[in-house]
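Visitor: predicted coordinates and the sequence they were generated for:
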Amino acid sequence: MKASLAAAWHGHLGRVITGWKPVPPNIVLIVSDDHGYADSSCYDHPKEVATPNIDRLAAEGVRLTNGYASACVCAPTRAGLLTGRYQQRFGFYTAPDSRVGMPLSEITIADLLRKQGYATAVFGKWHLGLEPEYRPLKRGFDEFYGFLGHGGHDYFNLDITDEYTSIYRNDKPTKDTGYLTNNLAREAVSFIERNQNKPFFLYLPFNAVHWPLQALPEHVKRFNTGDPSRDTYLAMLVCMDEAIGRVLDALRRTGADANTLIVFFSDNGGAKNNLANNGALRDYKHSLYEGGIRVPFVVRWPDKLPRGTACDEPIISLDVMPTICAAAGIELPSDRVYDGRDMLPALRGQLKGSLHETLFWDDGAELWTVRAGKWKLVSVKGTLELYDLSADMGEKNDLSQQNPDVVERLERDYRAWKGTMAPRIQRIRPAQPGPAAQKRTDKKKNKKKR
Ligand SMILES: [Ca+2]
């Protein structure tokens with residue numbers, strides 16, 4: 001079956017090399033949520049952290065030490081991830097922009113893979129639009145189990161409520177029971193088992209370890225840090241790690257393991273409100289210091305990548321889509337600009353020069369930052385700070401006064417980049433208020449009436 005698919009694949013690409021019979025790789029893209037840089041035991045970590053399955057990915061793949069999310073909050077990172085483009089190119093700057101939806105002009109990685117015969121599925125947190133035309137089944141996915149809106153979701157209450165929080169199976173709300181992290185793993189394992197004879201793309205965006213702090217008692221009782229909230233966070237993390245283990249086991253059991261490219265990373269830095277630990281990095285989610293954007297990031301592809309190595313090249317989540325396309329032999333559409341680059345040469349230690357001369361982050365309001373080599377320029381409410389990340393990953397020593405030329409160059413680079421980005425989509429189309437905002441509006445109205 002694999003051989004005939006490979007032949008069909010060959011034909012599809014329109015280039016045949018004698019003796020070369022590629023079998024398209026399966027793609028598994030696992031995203032954790034608000035997961036601290038130090039909260040994977042394959043990174044510098046406190047003693048209480050043990051993530052044997054994430055470690056297994058690292059031991060059998062490449063661990064990034066300068067892996068970045070393209071935003072310091074959830075939804076914009078996901079928009080950039082699925083499109084391979086700075087999400088600011090299409091006006092997606094903030095989490096509330098997810099209430100408008102990712103513009104329909106954007107092409108997702110799932111669109112491209114499905115066109116090439118892949119089975120495609122997303123199980124978990126969508127966060128890229130609520131209206132029917134923005135939902136997963138319209139954005140390249142054959143299957144969906146998860147929730148559409150809001151950053152967080154109750155892990156135990158899986159009742160049908162509203163369009164933000166109901167659990168959907170494909171395009172219909174569905175009532176479920178159990179613990180959400182385990183349910184997502186259940187769906188992932190089933191999808192892998194059902195697609196043994198077809199290349200597949202599994203996008204598994206866990207809502208773990210995002211707030212609310214809710215875990216299964218059997219996981220909580222393993223921890224005794226002295227802080228019950230931190231114990232609960234670690235229990236949520238362990239559950240997600242075990243879920244990842246079940247996905248890895250399913251790949252092995254079905255024989256898909258060696259030719260499966262797995263990318264794992266957190267959608268932004270560890271958050272303060274879930275007691276995540278970012279180690280030496282400064283600050284948390286919502287910040288453009290390293291603690292908000294540098295994340296645990298591992299890539300594993302047993303057939304094609306080194307095992308157990310670390311890569312120090314700055315790599316950003318925008319690179320995931322072009323990397324997947326390169327792995328699957330798919331050309332990127334030529335009608336638009338792609339910011340992401342194929343990271344495979346960097347992961348193999350074969351990169352000549354830099355993958356990116358500059359990387360940019362911008363929350364559309366008051367925060368922006370540029371990284372160029374060892375330098376990082378951070379704008380915090382109009383004040384510019386400069387850090388040398390090669391000597392100061394904790395961003396403690398502001399060197400802007402000593403290096404005005406670097407500050408000027410990086411600011412100029414940022415202004416030029418920003419000039420090519422789009423205005424926020426919310427300004428084009430008014431957002432639908434979420435339930436919380438609606439409640440506030442209703443309250444105001446009632447007050448006025450009184
Ligand atoms: Ca997040």
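Guide: Received it, and whenever you're ready, just let me know what you need.
Visitor: break the chain down into its domains, please.
Guide: Split into domains by automatic domain parsing, the chain comes to 24-347, 359-419.
Visitor: would the longest one count as contacting the ion?
Guide: What it means is domain 24-347. Yes - applying C-beta under 5 Å from the ion, one finds domain 24-347 touching the ion at 33, 34, 74, 267, 268. Just so you know, the C-beta spots here come from the backbone N, C-alpha and C atoms, and that holds for glycine as well.
Visitor: so which of those wins on neighbours?
Guide: In terms of neighbour count, residue 268 stands highest of those at 32 neighbours, by other C-beta atoms under 10 Å.
Visitor: state the three-state secondary structure for it.
Guide: coil (DSSP: H, G, I helix; E, B strand; the rest coil).
Visitor: looking at it, it is touching residue 72, isn't it?
Guide: Yes - counting by C-beta atoms under 8 Å, residue 72 is a contact partner of residue 268 at 5.1 Å.
Visitor: identify the contacts common to the two.
Guide: Taking C-beta atoms under 8 Å, 6 or more residues apart in numbering as the contact rule, residue 268 and residue 72 both touch 285, 292, 293.
Visitor: list just the nearest of those residues to the ion.
Guide: Comparing those against the ion with C-beta to the ion places residue 285 closest, at 6.3 Å.
Visitor: quick check: the closest one vs residue 293, distance?
Guide: 9 Å (C-beta to C-beta, to the nearest Å).
Visitor: anything in contact with each of these two?
Guide: 72, 268, 269.
Visitor: what separation is there between the second one and residue 140?
Guide: What that stands for is residue 268. 23 Å.
Visitor: what are the boundaries of the strands in the stretch 51-200 of the chain?
Guide: Along the stretch 51-200 of the chain, the stretches classed as strands by DSSP state E, counting those that start in this stretch are 62-64, 67-68, 119-125, 143-147, 168-169, 172-173, 200-205.
Visitor: what sits against the closest residue to residue 380 other than its chain neighbours?
Guide: Spatial nearest neighbour of residue 380, excluding adjacent residues (C-beta to C-beta, 6 or more residues apart in numbering): residue 367 at 6.7 Å. Residue 367 makes contact with 72, 287, 288, 361, 379, 380 under the criterion C-beta under 8 Å, 6+ apart.
Visitor: now residue 238
Guide: With C-beta under 8 Å, 6+ apart, residue 238 has these contacts: 50, 51, 219, 222.
Visitor: ok, which stretches of the stretch 51-200 of the chain are helices?
Guide: According to DSSP state H, counting those that start in this stretch, the stretch 51-200 of the chain carries its helices in the segments 52-59, 74-83, 109-115, 180-194.
Visitor: quick check: the gap between the one residue in the stretch 1-150 of the chain that gets nearest to the ion and residue 379.
Guide: Ranked by C-beta to the ion, the top residue of the stretch 1-150 of the chain for proximity to the ion is residue 74, at 3.5 Å. Using C-beta to C-beta, residue 74 is found at 22 Å from residue 379.
Visitor: over to residue 73?
Guide: 17 Å.
Visitor: re the thing from before, okay if I get the strands of the stretch 51-200 of the chain as TSV plus mean pLDDT and mean neighbour count?
Guide: Formatted as TSV, these follow (pLDDT from 0 to 100; neighbours: other C-beta atoms under 10 Å):
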stretch	mean pLDDT	mean neighbour count
strand 62-64	98	25
strand 67-68	98	26
strand 119-125	98	25
strand 143-147	98	23
strand 168-169	98	16
strand 172-173	97	12
strand 200-205	98	26
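Visitor: now tabulate those in CSV and tack on distance to residue 87.
Guide: Output for the strands of the stretch 51-200 of the chain, formatted as CSV (distance: least, C-beta to C-beta, whole Å):
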stretch, distance to residue 87
strand 62-64, 20
strand 67-68, 13
strand 119-125, 16
strand 143-147, 20
strand 168-169, 23
strand 172-173, 28
strand 200-205, 15
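Visitor: quick one, phi psi at residue 414?
Guide: When quoted as degrees, to the nearest 10, the phi and psi of residue 414 stand at phi -60, psi -50.
Visitor: distance of it from residue 319?
Guide: For residue 414 relative to residue 319 (C-beta to C-beta), the value is 20 Å.
Visitor: mind checking which of the two has more residues around it?
Guide: Ranked by neighbour count (other C-beta under 10 Å), residue 414 and residue 319 place residue 319 first, with 30 against 21.
Visitor: ok, which stretches of the stretch 301-450 of the chain are helices?
Guide: So, for the stretch 301-450 of the chain - with DSSP H, counting those that start in this stretch - the helices run 320-328, 344-347, 404-418, 425-428, 435-449.
Visitor: mind telling me which of the ones you listed the model trusts least?
Guide: Here the helices of the stretch 301-450 of the chain differ in mean pLDDT, and the lowest is helix 435-449 at a mean of 46.
Visitor: now do the helix or strand hosting residue 28 and helix 320-328, the angle between them.
Guide: Take DSSP states H and E as the rule and residue 28 turns out to sit in strand 26-32. Interaxial angle, strand 26-32 versus helix 320-328 (axes from the mean of the first three to the mean of the last three C-alpha atoms, to 10 degrees): 160 degrees.
Visitor: contacts for stretch 354-362 next, please.
Guide: 68, 70-72, 86, 88, 93, 288, 293, 313-316, 319, 341, 343, 346, 367-373, 410, 413-414, 417-418, 421.
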